[in-house]
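K.L.:
Sequence and predicted structure are below.
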Amino acid sequence: MAKRTASAKKQARSGARRAARNRGARSEVKTLIVKARRSLTDTQAEASERIQTAVDAVRALDRAAAKRVLHPNNAARRKSRLARQFAKLGAAAPAPAKGKKAAPAKAAPAKKR
């Protein structure tokens with residue numbers, strides 16, 4: 001039986017708000033993934049358009065995982081599947097941004113005792 005306390009009612013209200021917000025985020029992710037898959041199979045789409053739709057889908061997945069709307073492993077699995085389809089098509093990966101170079105990893109300083 002459901003609790004009747006004020007705090008339980010408040011939690012139910014806030015849970016409904018969170019569920020509605022999460023539903024929207026999940027829907028957006030699904031939409032972007034479908035668009036990316038369609039662009040991969042579309043013969044009329046240019047390579048830059050294909051790359052951009054895939055990047056948008058991956059970005060949405062990362063955002064949903066960071067907000068815990070999706071489980072991080074679920075997001076990783078979906079990104080992996082999308083990347084596999086992308087690689088199968090033979091599309092080039094997006095070029096790295098100009099002016100940004102990967103900094104070499106620094107070794108952690110030795111801990112003093």
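P.N.:
Looks like it arrived, so ask away.
K.L.:
Point to the residue nearest the middle of this structure.
P.N.:
The centroid of the chain falls nearest to L61 when counting by C-alpha atoms, centre = their mean (1.1 Å).
K.L.:
Who's the closest spatial neighbour of that residue, skipping the chain neighbours?
P.N.:
Nearest residue to L61, sequence neighbours excluded (C-beta to C-beta, 6 or more residues apart in numbering): A75, at 4.4 Å. Quick note: C-beta positions are derived from backbone N, CA and C, even for glycine.
K.L.:
circling back to that earlier point, please tell me how far the residue nearest to the centre of the chain sits from R84.
P.N.:
As judged by C-beta to C-beta, to the nearest Å, L61 and R84 stand 14 Å apart.
K.L.:
thinking again about what came up before, which ones are touching the residue nearest to the centre of the chain?
P.N.:
Residues near L61 by C-beta atoms under 8 Å, 6 or more residues apart in numbering: V29, I33, L70, A75, R78, K79.
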